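have a look at this prediction, sequence included:
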Amino acid sequence: MKAKSALVAFLLFLFCFSFSKPSFAAGIVINEFSSATSDDDWVELYNASTSQSEDLSNYTIIDGSTSGNPVSFNCILAPQGFVIAFWSNRLNNGGDIIRLKNVDTVVDCVAYGDGAGQKCDGKSAVDIGSIGSGEYGARSIDGTDSWIKTTIVTKDGPNNGSSKNAGAVCSMLTSTPTPSSTPTISLTSKSTPTPKPTNSPTPSVTNTPTVTKAISKTPASNAANATPTIISSEIKDVLGNSTKSGVNNLEQSKKENKKDNIQENNNFLPIIFISIGVVF
């Protein structure tokens, strides 16, 4: 009987402990905030993942006002890292609501005081009462659902006061310039003109003039004084053979020319005497 009672008590303890065990959020959450100091209001985000970095460029926080006074981020938050968003006294001292959105989806929410007349989705009450001067709103354990008011600020670090991991930071995003498109150079092939053949001039045949041998007659006055030309008794023909017929023909031609010259002189004598008679 006692053993049975002990077993029931142990199971009841486990049941109660399972309900009291804090629930850890996954991903990016609101982890701490300040709304009641003379300094600028601020909100701390925490990456509850133990292995996955998160790009915060699509995340924004808004308050309960009509405009929401959105604040955006431009960094990549390392696992279990912290980042602070300053809000320049946007949060109300009497109470407000802080929503964290990824694009258009609300991924986390905390309401304190009067919640600016609002509550987080799925909750029937605000998470914390009004924040007094010198107080801060914080999760009891980083990333859990349990909220408390505290006078110990643990801004940009674990809420239990332990040392922050120096490498767990939000690395700023640097915009990579979009390379300009390199114009494509299209090569246009130039058509090489086909050379036109040059007409070669038709050579004109030049007729070789026929040389006519003119026989000049030696005047009579010079005939008497002509010096006889001595011609070799032997003249070689074009075949290299000696011949005497050429010499005989030459001498015969000379005799005939001399006779012609004497005859011409005799024909001129009567004309000369007639001309003298006419004169006298």
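That came through fine.

going by C-alpha atoms from here, please, whenever you check contacts or count neighbours.
Will do.

tell me who's in contact with Pro79.
By Cα atoms under 8 Å, 6 or more residues apart in numbering, the contact set of Pro79 is 47-54, 168.

if you set the cut-off to 6 Å instead, what comes out?
47, 49-53 (Cα atoms under 6 Å, 6 or more residues apart in numbering).

surely it is in a strand?
No - counting by DSSP: H, G, I helix; E, B strand; the rest coil, Pro79 is not part of a strand but coil.

got the end-to-end distance for stretch 68-75?
The straight-line separation of the ends of stretch 68-75 (Cα to Cα, to the nearest Å) is 21 Å.

neighbouring contacts of it?
Contact with stretch 68-75 is made by 56-57, 60-62, 170-173, as judged by Cα under 6 Å, 6+ apart.

sorry, back to before: pLDDT added to the contacts of Pro79, as CSV?
Shown next, in CSV, are the contacts of Pro79 (pLDDT from 0 to 100):
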residue, pLDDT
Asn47, 97
Ser49, 94
Thr50, 92
Ser51, 93
Gln52, 95
Ser53, 96
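
where along the chain do the strands fall?
Assigned by DSSP state E, the chain shows strands spanning 28-34, 42-47, 54-55, 59-62, 71-72, 75-77, 82-86, 95-102, 105-113, 136-139, 147-150, 170-172, 235-236, 242-243.

which one of those has the lowest average pLDDT?
For the strands of the chain, the weakest mean pLDDT is recorded on strand 235-236, namely a mean of 44.

and Ile61, bridged to which residues?
Note on Ile61: beta-bridge partners Val71, Leu100, judged by DSSP bridges.

neighbours around it, how many?
23 (other Cα atoms under 10 Å).

any idea how far it is from Gly132?
When Ile61 is compared with Gly132 (using Cα to Cα), they lie 22 Å apart.

repeat that for Ser124.
Going from Ser124 to Gly132 by Cα to Cα gives 23 Å.

do Val83 as well
Val83 is 24 Å from Gly132, by Cα to Cα.

which one of those two has more residues nearby?
Taking neighbours as other Cα under 10 Å, Val83 and Gly132 compare with Val83 leading, 22 against 17.

the more buried one: what's it in contact with?
Contact partners of Val83, counting by Cα under 6 Å, 6+ apart, are 44-45.

please apply the same query to Thr50.
Shown in contact with Thr50 (Cα under 6 Å, 6+ apart): 79-80.

start the count at 662, not 1, going forward
Sure, I'll start counting at 662 from here, so that last one is Thr711.

neighbours of Ile802, how many?
By other Cα under 10 Å, neighbour count at Ile802 equals 17.

what's the closest non-adjacent residue to it?
In space, and not counting its chain neighbours, Ile802 is closest to Asn820: 6.3 Å by Cα to Cα, 6 or more residues apart in numbering.

read off the pLDDT value for Thr845.
According to the prediction, Thr845 has pLDDT 59.

before we move on, what about Val764?
pLDDT, Val764: 95.

likewise for Ala697?
Looking at Ala697, its pLDDT is 88.

do Thr890 as well
So, for Thr890, pLDDT stands at 47.

what does Asn750 give?
Asn750 is assigned a pLDDT of 89 by the prediction.

show me the contacts for it.
Asn750 neighbours (Cα under 6 Å, 6+ apart): 701-702.

with the one 5 residues further on instead?
When contacts are counted by Cα under 6 Å, 6+ apart, Gly755 touches 774, 791.

for Lys784, see how far away Asn719 is.
Asn719 is 25 Å from Lys784, by Cα to Cα.

between the two, who's got more neighbours?
More crowded of Asn719 and Lys784, by other Cα under 10 Å: Asn719, with 13 against 9.

quick one, phi/psi of that one?
According to degrees, to the nearest 10, the main-chain angles of Asn719 amount to phi -100, psi 10.

gap between it and Gln779?
Applying Cα to Cα to Asn719 and Gln779 gives a distance of 24 Å.

Ile691 too?
Going from Ile691 to Gln779 by Cα to Cα gives 17 Å.

which of the two has more residues huddled nearby?
Counted by other Cα under 10 Å, Ile691 and Gln779 do not tie: Ile691 has more neighbours, with 23 against 15.

just give the nearest non-adjacent residue to the more buried one, would you?
What sits nearest to Ile691 in space, not counting adjacent residues and going by Cα to Cα, 6+ apart, is Leu706, at 4.7 Å.
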